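1. can't give you the sequence, but here's the structure:
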């Protein structure tokens, strides 16, 4: 494994080396932002046609149609049923603990009627539809599915749409199993900035959502930042976002007052 690059402030060349590092990252960010903007514009303008082309380009498999992007829930249920006993036990134990945690976060609605007729209160209701992005490239995270999906379902979100890339067309069984266990309603095999665009703007196949949660790579983070305002997001996760998803996906981020 390659050793990480180390910079020391005591090194006489530190300032120059640090400036070069920052310049490189800025250039990378600019390239990511530019590419992300083009992808989002394409998805918004062409919908499913853009998703099919971008999936073939970035995930290296060609869906037969836009409908082929959707994973039948039966496939997810089979993945759960066929999961090794130890892995299933681990997922079920995690799901139970996550559910108990989020159940304690639920806030009640309340109302006060004043003597002069003034009504004060707080109405807490779930969002109609939430979108969950789950990484599926170099690493896949069933934990992201459980943390976000169970939070949404505990909050009362009636429809949860999950998107996840499937490089070379390969489905990730633990991710699908976690989706079945957590009660995800629809699953689509699409990732990257194009998946965020689909959730934000909607296509003929993928419905638009009220809020997008979940971690991803630099393009996913850039896309979430760009669609914020048109749709809600949890946060823009950094490089360690997949490990921080538990901090992002609390029940409160999937309700509104």
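-> Looks like it came in fine. Note that this is a predicted model, so its numbers are computed, not measured.
2. burial count for residue 138?
-> Close neighbours of residue 138, defined as other Cβ atoms under 10 Å, add up to 7. (C-beta placed from N, C-alpha, C; glycine too.)
3. what does residue 69 give?
-> By other Cβ under 10 Å, 23 other residues sit near residue 69.
4. you'd agree it is up against residue 188?
-> Yes: Residue 69 is within contact range of residue 188, at 5.1 Å (criterion: Cβ atoms under 8 Å).
5. Mind listing the shared neighbours of those two?
-> The overlap between the contact sets of residue 69 and residue 188 (Cβ atoms under 8 Å, 6 or more residues apart in numbering) consists of 205, 206.
6. Can you show me the helices along the stretch 1-150 of the chain?
-> 14-46, 48-58, 73-82, 85-103, 142-155 (DSSP state H, counting those that start in this stretch).
7. now the ones you listed as JSON lines including distance to residue 123, mean pLDDT and mean neighbour count?
-> Below are those laid out as JSON lines (distance: least, Cβ to Cβ, whole Å; pLDDT from 0 to 100; neighbours: other Cβ atoms under 10 Å):
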{"stretch": "helix 14-46", "distance to residue 123": "32", "mean pLDDT": "85", "mean neighbour count": "14"}
{"stretch": "helix 48-58", "distance to residue 123": "36", "mean pLDDT": "97", "mean neighbour count": "18"}
{"stretch": "helix 73-82", "distance to residue 123": "32", "mean pLDDT": "98", "mean neighbour count": "15"}
{"stretch": "helix 85-103", "distance to residue 123": "20", "mean pLDDT": "97", "mean neighbour count": "14"}
{"stretch": "helix 142-155", "distance to residue 123": "14", "mean pLDDT": "96", "mean neighbour count": "26"}
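8. mind checking which of those is nearest residue 236?
-> In terms of Cβ to Cβ, the element of the helices of the stretch 1-150 of the chain nearest to residue 236 is helix 14-46, at 12.0 Å.
9. packing partners for that closest one?
-> Under the contact definition 3 or more Cβ pairs under 8 Å, 6 or more residues apart in numbering; DSSP states H and E, helix 14-46 sits against helix 48-58, helix 192-201, helix 218-227.
10. mind giving me CSV with those helices and columns for distance to residue 150?
-> Output for these, formatted as CSV (distance: least, Cβ to Cβ, whole Å):
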stretch, distance to residue 150
helix 48-58, 27
helix 192-201, 19
helix 218-227, 21
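11. circling back to that earlier point, so can I have TSV of the helices of the stretch 1-150 of the chain showing distance to residue 231?
-> Compiled in TSV, the helices of the stretch 1-150 of the chain are given as follows (distance: least, Cβ to Cβ, whole Å):
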stretch	distance to residue 231
helix 14-46	12
helix 48-58	17
helix 73-82	24
helix 85-103	22
helix 142-155	15
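12. So what's the gap between stretch 110-125 and the chain middle?
-> 36 Å (Cα atoms, centre = their mean, to the nearest Å).
13. Quick check: buried residues in that stretch?
-> Neighbour counts over stretch 110-125 (16 or more other Cβ atoms under 10 Å) mark no residue as buried.
14. C-terminal to the strand or helix carrying residue 181, which secondary structure element comes first?
-> Here residue 181, judged by DSSP states H and E, is contained in helix 173-182. With elements assigned by DSSP H and E, the helix or strand that comes after helix 173-182 is strand 186-188.
15. Apart from its chain neighbours, what residue comes closest to residue 75?
-> Using Cβ to Cβ, 6 or more residues apart in numbering and skipping the chain neighbours, the partner closest in space to residue 75 is residue 176 (6.4 Å).
16. residues in contact with that neighbour?
-> Counting by Cβ under 8 Å, 6+ apart, residue 176 makes contact with 71, 75, 76, 79, 80, 187.
17. Tell me how far the fourth one lies from residue 149.
-> Pointing back at residue 79 there. The gap separating residue 79 from residue 149 is 15 Å, by Cβ to Cβ, to the nearest Å.
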